[in-house]
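Peer 1: Would you be able to build a 3D model of this:
(4 chains)
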Amino acid sequence: MTALRPSVIDAPRVALTKRPWSLYLSIGLLAFLAVAAVAPNLLAPYGPTAIDYDSALQPPSFLHLFGTDESGRDLYSRVIHGTSQSLLIGIGAAFVSLVLAVILGALAALSVKPVAILVDRSVEILFAFPALLLALLLIAITGPSAWTQVFAVGLGTAPGYARMVRGQILAAKNSGYVEAATALGHSRGRILHEHILPNALRPLVAVFALSIGQSIVWASGLSFLGLGVAPPSPEWGALLDAGRAYVTQASWLLLFPGLVIVALALSATSIGRHLQFYLEKGRRT
Amino acid sequence: MSLPRSARLVAPLAIVIAASLAACASPAAGSGEGQRIDGGTIVYAPQQEPACVFGGWIEQAYISYNVLDSLVSLDENSQVVPWLAEKWEESDDGLSWTFTLKDGVGFTDGTPVNAEAVAYNFDYWVTGGNSTARVWLFGYYESAEVVDDLTVRINLSAPYPRLADNLTQGYFGIQSKDALETRSDEDNCSAPIGSGAFIVEEWNRGQNLVLVRNENYTSWPANALHEGPAYVEKVDWRFVADATTRVAALQSSEVDAIYDVPAVQWKTLDDGGYELERYVTAGRPQQLSFNTQIGPFTDERVRQAFAYSLDREQIVETIGQGVIPFEGNGGVSQSTPGYSQAAADRYTYDPEKAAELLDEAGWQLNADGVREKDGETLEVVLPYGAGSIVNADGAAILQGVKEQAEQVGFVVDLIPVPQAELFAGAYSTAEERDIAVGYWTAVTSGILYINWRPSTPESPNYSNQAFYDDEELGQLILDANSAADLDTQNELYQQAQEYIADHALAIGVYARLSTLAVAPNLHDVWQEHAQGGPTFYDAYLTE
Amino acid sequence: MTPTSPSSTPRAIALQVLHKLGTALSVLIGAVTVAFFAQTALPGNRATAILNIRAGQAVQRTPEELAQINQQYGLERPLVVQYLDYLVGALRGDFGHSYQQYRPVAEIIGEQLGATVVLALTAIVIAWILMVVWVTLTAGRGPRVGAIGSLVDVTAAALPAYWLGIILLLVFALGLRLFPVIGGTGPAGLVLPALTLAIPLAGFLAQATRTEFERALDQPFVISARMRGQGDLGVRLGHVLRHAILPAITLTGWALGATLSGAVVVESIFSRPGIGQVLVTAVNSQDLPIVVGIVVLISAFYVLANLLVDIAYTIVDPRLKGAAS
Amino acid sequence: MTVMETSTTLDELDVLDIVDAESRPAPRLRVENLRVAFPNRAGPHQVVGGVSFDLARGECVAIVGESGSGKSVTARSLVGLTGRDAVVEADRLELHGRDTRTLSPRQWRHLRGKEVGFILQDALVSLDPLRAVGVEISEALRLHGWGNRASRATRVLELLTRVGVPLPGLRARQRPDQLSGGLRQRALIASAIALDPDVVIADEPTTALDVTVQAQVLDQLEAMKERGASVILISHDLAVVARLADHILVMRDGEVLEQGPAAQVLGAPRHEYTRTLIAAVPSDRTRGTSLSGVALPEQIAAPAARGTVLEARGLVKRFLTPDGLSTVAVDDVSFDLVAGETLGIVGESGSGKSTTARLALALSELDGGEVRLLGQPWSAIPERKRRRLRRRISVVYQDPLSSFDPRWTVERILLDALPADTARAARLPRVRELLAQVGLGEEALSRFPLTLSGGQRQRVAIARALAPRPAVIVLDEAVSALDVTIQAQILDLLVALQRSEGLSYLFISHDLGVISHLSDRVLVMKDGVVVESGPPDDIFLRPRHPYTQELVASIPDFDPKGIS
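Peer 2: The predicted structure is shown next:
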């Protein structure tokens, strides 16, 4: 579960390369996955749960790009059909995490002192609380499902982002432009609304992208521990979990879903880093 | 490899099949080539680490079997043979059993194995010492009385001719009375004091449990292969949860034997020269019980339709790679005495018949291929204890069940229930589920009593997972339990199974297996016949 | 504005120590509270769970059966009383007994702790070595090398530990037979599990370090050092690295806590003992005393790690000595 | 300065020994037609073109130019540290007669620090901030294999003593941030001259330093020169250059516009740009005149208010330190700003002058005293009431970029600053008017501040300050970050606006020249206290307080007319 990370790294200092091939590749992959999520039947030759006991555990071939599993289901088709759920879990968790982070971060940065201290302390406790346990408990309480995964991951990643949001808001609050606006006689509400929030939250666009990749890795980790979506579902983590038992005989069952998860996390991170760079560029001379 | 057809007919026998024909069925066989090493350590890798050595889990029974001696043992022909008890006798009215103990046997704490200790153990089990033993004795056990130093009498409230058979299970290991009384719960949990072939030396939690040879062992069971202390000095139970890792560890000689060989690895290990042992656990097989109290399955036709919609044999054969035996009987498995083949063959794959029955019951197919009745869809909830009661292979099989049932218009909600939730009572009531999955190992068809005894307000039976409180079935089983004559008893048990099949109260899916893979240099590890646990008393290593 | 002069007067240090202790204690108590009430909020009846797990059967239990357990563990008392009772015990160092193992929680955790701590620390050390070598070699070397360096960072950071672990196990233990399959607690068994945790962590640390490294390379003192005759590698190791690792130090504090609780995946793949396994088992069996005990432990580690980070931070960057965090 | 001559052709490329300057009067450094280019998308981009000069023993060559002139790149190319992608070409580039164009990285390392010392600006960042300065100085020795650990330690103390650092044993163990500005800058010099290099390059060695520290650094450089070292001084500051240089190169956009003996370049500049540069230097002599050559309006507008517009009485401000104790940043400061006038507050870093500015703006809570604006209570009323009054007082900061919301265009920034009661239809015309007032065209409306030059940004900042039609503008180091010619333009703009709008300025700066150029009255602050106040002529010509005397004495004497 080392995927759970406290805060986002600073933006890269230079554009990664002049022609960001990694960016193009990432966008290409995401576009492909978006199609897979919206219209899986366009890309998948078989149904996600179409059992064909006669072709169980076949290695990758032109007929079955990623091979088949123990019930003869086409792994490639399952990966494609699992995209929407995996992506939704990732996006949902990133969303939950950021919404929580913004609420906690804003409270910590903008409230009166006792409230701010209370919120700070709660974030600290959330940080100190083992994230895996948080997920385990949540799942034990509500039962494993995509939603539980969304909230478990979202809650687990929120404290890191909350700290970041708090820092961003404080930075904006202490910025020259806020002082300039104060000197112009603008009201607190107007300054908050016109300057502090927009500037503090703008980097979150990039963070959101970064967080999606992270959330998918994390959520699939929960599935892998058998704490995720019910197995016949082709969610990627569940595919990995199912493939684990066959790893010596049918390594493709583990290899391909894992590669897809890594590729997606990589793409999301790459896009996030580029976004971060372009958003930050406006702040540097 | 698949189970020979004929083997299923030998129902009363506990089937022990080794992959190599030479090792087949007989523990006496398999003495290998090579020089026997005196002493040595066997590293054995099971998948699950229990909380205590002694307790109600089958994993606990397996360890207990090597550490504690029971009164009696079951041989490969399912005959009860002497162990701590030299002889035993059932009274004519069947209401009391008298066990005569071997003389001169001592617990490893130096106290004697006597009638007092045995009687104490019976009371200990039923008052919470072992919840599974308690369930077995429930409803029959009255008291245990000390007749003389070596004679103990068990008084029953109703005849139970198969009592001795049941006592062969590891749940009934006899512990030192002195230890139970004077030592802490913690000590009795992690290192119970018995009179067995091995003594718990140390338990490195999360890693391994080390058993050391009882040098003063005198009370081997009658079906053991040798006399005197065990050959090996130590047995290292090294807990390895992941099946792939277990197999790999065996292949790299890090361990000498592993438990629960994944079906998909069976052939590889077979080809690699490993000795494979498979024990089809007697008792309730992995089966589906329908909720007969609430929901669509209150209609017998719907239950039958579900059964007809499945090609259970094909699913099990494919996922189980021919290793996991298909079991059609929803009452008891093929290795259980009193097994009914007729009950097992009651339903075969017949989707048309299923459709017909559903039509008849008023469930009409809608445009989406789902059945509806009065605006309600034919949706059934099938929760299962993922990773606890149903393993990975089992989950794959249930996915096949879901897929096939949905072909005829069912919607199956397959819900993996985490252990915490499951054992806290989730999905345990009739309102929450339509189908229950589960197995229960046993030595006799007496398991039917546990699973099908009708609930009464005074004495609810929560193990009756079909919620089928039927006097007729209940009486049939009660009669069988107390039938003095074995043939009569088997006949009655078979009738009960057929009753269950006819009314489609439960259908079998596959028989639970206990499998071992043993390295070529380890010999005479045998699976005890009550539950299929590995027995290391006779085992020895060669160069 | 007055320059913020560093102050390390005894008074300032005392104030900070007090503040940190207060924070630490409140975090610990907060974590215990959350764990306790979350665990009691689990569905179903705790006594049922205790009984069912002992029996290995998932069935309902009769009131008589439940009463015995409730009485034994005081589960019939109001939650708040149970909580306060626990808290008082915990303050005295008594974390209760496990429902399933009947043993003191401190003992259960204690015997598993070593393996996990060794694993976590080894992983962090390896991650640091990998990260420092890689970043020092590739940072600030122009766009092409930089792109490769950064791609490797990001890829490593994106590797799911469970997946990486199985692949490493497959290749190095099963395939090449270089390492034992069952890790155990020996040094040979430590390599693969530690790598599994270290590689993604190294990628993650490298991302943070690289940015800082490149920033530091542009600082005037780097030119000064070069002007003094310092070579490129000398500047990188002697000056730049020290500046660049500051964010990685902060992240390491977090990583220590995360690795401790996240070790369960690696522990299960490599069959290692450790508190990760204990935690999962305990949650699964609703063994509340163990769960809460582990929360206390991990929170304490988190607090301790943050303290160490603060110390490490002031050693690396003495300017911060006395500056309130 | 030796005139460039090529008679002595020294083909001694293999000679690694230092050529003895006494026996052969060859220049230590010869640069002929040095060109530096950086590649970019469009191909190589030349940033330095055709720099030539010789440097002899005990001589100082200064390269003067504004930002982007290529002066620093020139300096770095002399020691082979131009950067990875730079293409450095020269017809001749010799150090002690050795061609440095073909040196390997190893040879370069051997040479840097030992034969050429390099001093950068601001020791706070030019010395490794995480290390004790003694370690830094000793590193220079160690890298060239000088002595052993013990002898190096002794040498470090010697060096620190030589550059005038008292208590060298203690200072050597301290980090730059623990030392005062003067001490750390001397430590930086010590690290550069540790091995007695006979060529020292000083790249803006006094920029961003307080004037008293600047004087100490210049003394050190002078002492070095007297010991026979050759100095290359890179600076934008003509006053600094005037004090040390024997020969001056004036650069702009990578080209050398003019070069020659210092007296000639400063006293009788031939190039227009040189003259502009010289004219742009503010001082008490330039008060009331134009620095950039634009015509200043005669005083036409009546002051926007009458009497004392801003009145401070006994201001006190304390800050909490991490010890939980408080330090006094501003202690009993009082002043009066009279309508239509400029009150200059001058002081070095840490003097409390910026805090005073914030207190005057009521952006910081007072711990004592009172500020009144236009005769009304100002600091004493709650912020809610103050908001209505805020349009009467505006502010311009040193760093305009950070005072603009990065997401906003110039148009939005200015619209935002208009008083709320400005009629909708009047808003855009007013913004255009403001732009015109600060000398910007309408094309600036759609620009983001980031895409503007420093001078343009400061003009936008001034336009924003003007927008609410204030009576008072607080200018906090408003021209300090600007190049000298741009600074001149902005100062002229400020004077022009004051005259046309009748504004009052509270002008805060560390730069005595700017203060003396602009102010009608001057306040000198030190450690939060006003040490002296009065008309600029009194302060600068007849300082009474010892601190003021020290300050004034530290100002490099720059009177171009006096040089010739």
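
Peer 1: Report the contact partners of the residue of the stretch 1-150 of chain D found nearest chain B.
Peer 2: Shortest the stretch 1-150 of chain D-to-chain B distance, computed as C-beta to the nearest C-beta: residue-wise this is residue D:130, at 43.0 Å. (C-beta placed from N, C-alpha, C; glycine too.) Contact analysis of residue D:130 by C-beta atoms under 8 Å, 6 or more residues apart in numbering or on different chains lists C:242, C:243, C:316, C:317, C:318, C:319, D:175.

Peer 1: How about residue 86: what's its closest non-neighbour residue?
Peer 2: In the absence of a named chain, this looks at chain A. residue A:236 (4.6 Å; C-beta to C-beta, 6 or more residues apart in numbering or on different chains).

Peer 1: I was after chain C.
Peer 2: That would be residue C:36: by C-beta to C-beta, 6+ apart, it lies 6.3 Å from residue C:86.

Peer 1: what's the pLDDT at the one you found?
Peer 2: pLDDT for residue C:36: 86.

Peer 1: Flag every residue of the stretch 151-285 of chain A that's near chain B.
Peer 2: A:226-227, A:230-232, A:242, A:244-250 (C-beta under 8 Å from any C-beta of the partner chain).

Peer 1: one more time with 10 Å
Peer 2: A:225-233, A:238, A:241-242, A:244-250, A:254 (C-beta under 10 Å from any C-beta of the partner chain).

Peer 1: Cross-check those residues against chain D and keep the overlap.
Peer 2: Among these, chain D is touched by none when using C-beta under 10 Å from any C-beta.

Peer 1: Cross those residues against helices and list the overlap.
Peer 2: Mapping these onto helices (DSSP state H) picks out A:238, A:241, A:242, A:244, A:254.

Peer 1: I figured the third one hits residue B:392, correct?
Peer 2: It refers to residue A:242. Yes: here residue A:242 reaches residue B:392: they are 7.4 Å apart, a contact under C-beta atoms under 10 Å.

Peer 1: These two - which one has more neighbours?
Peer 2: residue A:242 (27 against 22; other C-beta atoms under 10 Å in any protein chain shown).

Peer 1: tally of neighbours for the residue nearest to that one when sequence neighbours are not counted?
Peer 2: Of all residues not flanking residue A:242 in the chain, residue A:231 sits nearest, at 5.9 Å (C-beta to C-beta, 6+ apart). The number of residues packed near residue A:231 is 22, by other C-beta under 10 Å.

Peer 1: measure residue A:231 to residue D:133 for me?
Peer 2: To residue D:133, residue A:231 is 65 Å away according to C-beta to C-beta, to the nearest Å.

Peer 1: Please apply the same query to residue A:126.
Peer 2: 43 Å.

Peer 1: now residue D:148
Peer 2: Here residue D:148 is placed at a distance of 20 Å from residue D:133 (C-beta to C-beta).

Peer 1: need the contact list for the residue nearest the centre of chain B.
Peer 2: With distances taken as C-alpha atoms, centre = their mean, the residue of chain B nearest its centroid is residue B:441 (2.2 Å). Residue B:441 makes contact with B:58, B:61, B:132, B:169, B:281-285, B:333, B:336, B:447, B:512, B:514, B:530-533, according to C-beta atoms under 10 Å, 6 or more residues apart in numbering or on different chains.

Peer 1: Kindly state the beta-bridge partners for it.
Peer 2: Beta-bridge pairing of residue B:441 under DSSP bridges involves residue B:283.

Peer 1: just to revisit the earlier point, now tabulate the ones in helices among the residues of the stretch 151-285 of chain A next to chain B in TSV and tack on pLDDT.
Peer 2: As requested, those are exported to TSV (pLDDT from 0 to 100):
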residue	pLDDT
A:238	86
A:241	84
A:242	84
A:244	83
A:254	90
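
Peer 1: Any chance of CSV for those residues, columns distance to residue D:558?
Peer 2: Formatted as CSV, those follow (distance: C-beta to C-beta, whole Å):
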residue, distance to residue D:558
A:238, 78
A:241, 78
A:242, 81
A:244, 79
A:254, 76
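
Peer 1: Near chain A, list only the ones from the contacts of residue D:130.
Peer 2: Filtering these for proximity to chain A by C-beta under 10 Å from any C-beta leaves nothing.

Peer 1: Just the buried residues of those.
Peer 2: C:242, C:243, C:316, C:317, C:318, C:319, D:175 (16 or more other C-beta atoms under 10 Å in any protein chain shown).

Peer 1: For the second one, give me its contacts.
Peer 2: Looking back up the chat, that one is residue C:243. Here residue C:243 is in contact with C:209, C:212-213, C:215-217, C:219, C:221-222, C:316-317, D:128-130 (C-beta under 10 Å, 6+ apart).

Peer 1: Am I right that it sits in a helix?
Peer 2: Yes: judged by DSSP: H, G, I helix; E, B strand; the rest coil, residue C:243 forms part of a helix.

Peer 1: pLDDT value on it, please?
Peer 2: Per-residue pLDDT puts residue C:243 at 91.

Peer 1: repeat for residue C:9
Peer 2: At residue C:9, pLDDT is 67.

Peer 1: What's the local residue count around residue A:27?
Peer 2: Residues within reach of residue A:27, counting by other C-beta under 10 Å, total 15.

Peer 1: One more: residue D:81?
Peer 2: For residue D:81, the tally of surrounding residues (other C-beta under 10 Å) stands at 16.

Peer 1: what do you get for residue D:453?
Peer 2: Neighbours around residue D:453, by other C-beta under 10 Å: 11.

Peer 1: now the one 10 residues further on
Peer 2: Per other C-beta under 10 Å, the neighbour tally for residue D:463 reads 25.

Peer 1: ok, is the helix or strand that it is a member of in contact with chain A or not?
Peer 2: Using DSSP states H and E, residue D:463 sits in helix D:454-466. Yes: using C-beta under 10 Å from any C-beta, helix D:454-466 reaches chain A at D:454, D:457, D:461, D:464, D:465.

Peer 1: If you count contacts, what does the helix or strand following that helix end up packed against?
Peer 2: Using DSSP H and E, the helix or strand that follows helix D:454-466 in sequence is strand D:472-476. If contacts are counted by 3 or more C-beta pairs under 10 Å, 6 or more residues apart in numbering or on different chains; DSSP states H and E, strand D:472-476 sits against strand D:308-320, strand D:342-347, helix D:353-360, strand D:393-396, helix D:454-466, helix D:484-501, strand D:504-509.
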